[in-house]
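In: Give the three-dimensional model of this entry:
(one chain, ligands or ions: 2)
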Amino acid sequence: MAMPKMTISVPKEGAAGLTGSWRTFRPVVNRDICNHCGICAMFCPDAVIDPDNEEIDLVYCKGCGICANECPKKCIVMVREER
Ligand code: SF4
Ligand code: SF4
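Out: Ligands and ions are numbered 1, 2, ... in the order given. Just a heads-up that it's a prediction; the model follows:
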């Protein structure tokens, strides 16, 4: 039986807060390499990665890069925000 995908951190929306315009880098998933293991979603401290489809809610993503660091396939790259 497959293990359910659960996040380690479950912040409330108000506690996490809107990111605004200060983020320097944002994560981009290379879907050609992703194997849908769910580890990125599990480690995201803001719980903004949907574990079912790896969609990232950039309204709340802080650009910390933990997801990119933890991805075993190294298929998340942090790209500089354009202003
Ligand atoms: S960069 Fe940080 S906040 Fe954004 S999705 Fe990755 S782990 Fe979550
Ligand atoms: S950790 Fe990497 S391989 Fe696993 S679901 Fe996330 S992006 Fe895909």
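In: State the helix or strand in which Cys40 lies.
Out: Element membership for Cys40, per DSSP states H and E: helix 39-43.
In: Can you name the next helix or strand after that helix?
Out: Following helix 39-43 toward the C-terminus (DSSP H and E): helix 66-70.
In: Tell me how far that next one lies from the chain's centre.
Out: 8 Å (C-alpha atoms, centre = their mean, to the nearest Å).
In: Burial check on Cys61, number of neighbours?
Out: 19 (other C-beta atoms under 10 Å). C-beta: built from backbone N, CA, C; applies to glycine.
In: Next up, the contacts around it.
Out: Cys61 sits next to 19, 23, 26-27, 44, 46, 48 when contact means C-beta atoms under 8 Å, 6 or more residues apart in numbering.
In: Narrow those to those that are buried.
Out: Buried members of the contacts of Cys61, scored by 16 or more other C-beta atoms under 10 Å, are 19, 26-27, 44, 46, 48.
In: can you narrow these to ones near ligand 1?
Out: 27, 44, 46, 48 (C-beta under 6 Å from any ligand atom).
In: Which strand residues bridge Ile56?
Out: On the basis of DSSP bridges, Ile56 is bridged to Ile49.
In: what sits against it?
Out: Per C-beta under 8 Å, 6+ apart, neighbours of Ile56: 26-27, 29, 48-50, 67.
In: Using CSV, please lay out the ones next to ligand 1 among the buried ones among the contacts of Cys61 together with pLDDT.
Out: What follows is those, written out as CSV (pLDDT from 0 to 100):
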residue, pLDDT
Pro27, 98
Cys44, 95
Asp46, 90
Val48, 93
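In: Cheers, nothing more for now.
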